[in-house]
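Engineer: Dropping the sequence and predicted coords here.
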Amino acid sequence: MPSLKARLRAATKGVNEVPIMSTLGMRLLRLGEGTATMTLDVGRRFHNPMGTLHGGIMTDLADACMGMATITTLAGAETFSTLELKMNFLRPVFAGRITAEAKVLHRGKTIAMAEVVVKNEEGKAVARGTATQIVLPAKKKQSRRRGTAGARPP
C-alpha cells in the first residue's frame with residue numbers, strides 16, 4: 001500500500017480523490033512542508049437553522065487542512081490520528097468561499113500539533129483551531145510462527 005504522502009500527491013493531481021473532500025466540495029490549493037491551504041464554497045446546503053454555515057462543516061475543512069499539513073511531515077509508511085481538536089468560531093459565514101490555512105507547529109517522534117485559521121472572502125478570520133495528532137509507525141507484518149504467544153493453532 002502506498003504511503004499517505006504518496007496518496008496525497010496522487011489526490012492533488014486529481015487521481016484517487018479523498019472521499020470527504022469530494023463529498024463536501026473541498027479543494028486543496030497548496031501544500032508545503034508542514035503547511036496546507038484548502039477552500040470550500042459555502043451555500044445553503046451547509047446552513048444550520050440560523051441560516052449560517054454549520055460549525056461542523058467549517059470544522060471538517062479545518063481538520064482536513066491540518067491533517068494535510070501533518071501528512072506532509074510523515075516519513076515512509078507512517079500514519080496519524082487526531083487525538084484532540086479545538087475550534088473557536090469568530091464570525092458567522094452565510095455564503096461565499098472560505099479558505100483554511102494550516103501549519104504544523106510541532107512535529108515530534110509521536111506527537112504533532114497543527115493550527116489553522118479559516119478566513120472569509122474578505123480575508124477576515126472566521127475561525128481558528130488547533131489539533132494534536134499521534135504519529136503512528138508503519139505496521140509491521142505479524143509473524144505466524146508456531147509456538148509464539150498469541151499465535152493461532154494450525
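Structural biologist: Received, thanks. Numbering: from 1, shown residues only.

Engineer: Report the separation between the closest residue to P92 other than its chain neighbours and I20.
Structural biologist: Excluding its sequence neighbours, the residue lying closest to P92 (CB to CB, 6 or more residues apart in numbering) is T52, at 4.2 Å. All C-beta spots, glycine's among them, are computed from the backbone N, C-alpha and C. For T52, the distance to I20 equals 21 Å [CB to CB, to the nearest Å].

Engineer: Neighbour count: those two, which is higher?
Structural biologist: T52 (17 against 13; other CB atoms under 10 Å).

Engineer: who's in contact with the more buried one?
Structural biologist: 92-94 (CB atoms under 8 Å, 6 or more residues apart in numbering).

Engineer: Look up the pLDDT of A75 for me, please.
Structural biologist: pLDDT recorded at A75 is 89.

Engineer: For it, grab the count of nearby residues.
Structural biologist: Using other CB under 10 Å, A75 is surrounded by 10 other residues.

Engineer: Quick one: classify it as helix, strand or coil.
Structural biologist: coil (DSSP: H, G, I helix; E, B strand; the rest coil).

Engineer: try T132
Structural biologist: strand.

Engineer: Check whether it really touches L83, as I assumed.
Structural biologist: Yes. Counting by CB atoms under 8 Å, T132 touches L83, with 4.8 Å between them.

Engineer: so how many other residues sit close to the nearest residue to E101 once chain neighbours are set aside?
Structural biologist: Computed as CB to CB, 6+ apart, the closest residue to E101 that is not its neighbour in sequence is T37, at 5.1 Å. Applying other CB under 10 Å, we find 19 residues neighbouring T37.
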